[in-house]
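Peer 1: Give me a 3D structure for the following:
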Amino acid sequence: MSTAESIAACLISCRNVLFGGRSNPNVLACLEQVIASVREIEIDSTRNIVRICVPEAMHQIEESRFVSAALILNLIHNLPLTKAGEESWDIDYFFSMELSQFLERYAEVPNSRAIVLYVCGQISCRYLGPDK
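Peer 2: Just a heads-up that it's a prediction; the model follows:
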């Protein structure tokens, strides 16, 4: 399994556990591994988003806000991690589904405003550049 596949699998599996309103020791350990591997993410905007959002999700877990952490991970779990993945990534799907779902539960996530502004800022810098 490549590092990108491992990161994606970790985000998805942790999100799934947390959506159940619980955690286990493997969840934080897995997310720590994502942080340790963040340099392997080829897409700058995704790397920056993961550096901000995963520690925030970990903080939510430490505060026993499991669903809040799951919502954060759900927002970022499909972001492109590799150049090949970026070619097939559907930004419109991200905005219409993943961001929309996060916004529907906005009040459940402490720091949701900062998270949304940061994520959208990173994405807009990447995809609204002069050569896009």
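
Peer 1: Helices along the protein, start to end?
Peer 2: Taking DSSP state H to define them, one finds helices in the chain at 3-19, 25-36, 44-62, 66-76, 83-88, 91-93, 100-104, 112-127.

Peer 1: ranking those helices by burial, who's on top?
Peer 2: helix 66-76 (a mean of 24; mean count of other CB atoms under 10 Å). Bear in mind the C-beta positions are built from the backbone N, C-alpha and C, glycine included.

Peer 1: which residues are in contact with it?
Peer 2: For helix 66-76, contacts defined as CB atoms under 8 Å, 6 or more residues apart in numbering pick out 11, 14-16, 18-23, 46, 49-50, 53-54, 56-58, 60-61, 98-99, 101-102, 105, 108-110, 115, 119.

Peer 1: quick one: contacts for residue 3?
Peer 2: Contacts of residue 3 by CB under 8 Å, 6+ apart are 37, 40.

Peer 1: gap between it and residue 13?
Peer 2: Computed as CB to CB, to the nearest Å, the residue 3 to residue 13 distance reads 16 Å.

Peer 1: And the closest residue to residue 119 other than its chain neighbours, how close does it get to residue 118?
Peer 2: Sequence neighbours aside, residue 49 is the residue nearest to residue 119 in space, at 5.5 Å (criterion: CB to CB, 6 or more residues apart in numbering). Using CB to CB, residue 49 is found at 7 Å from residue 118.
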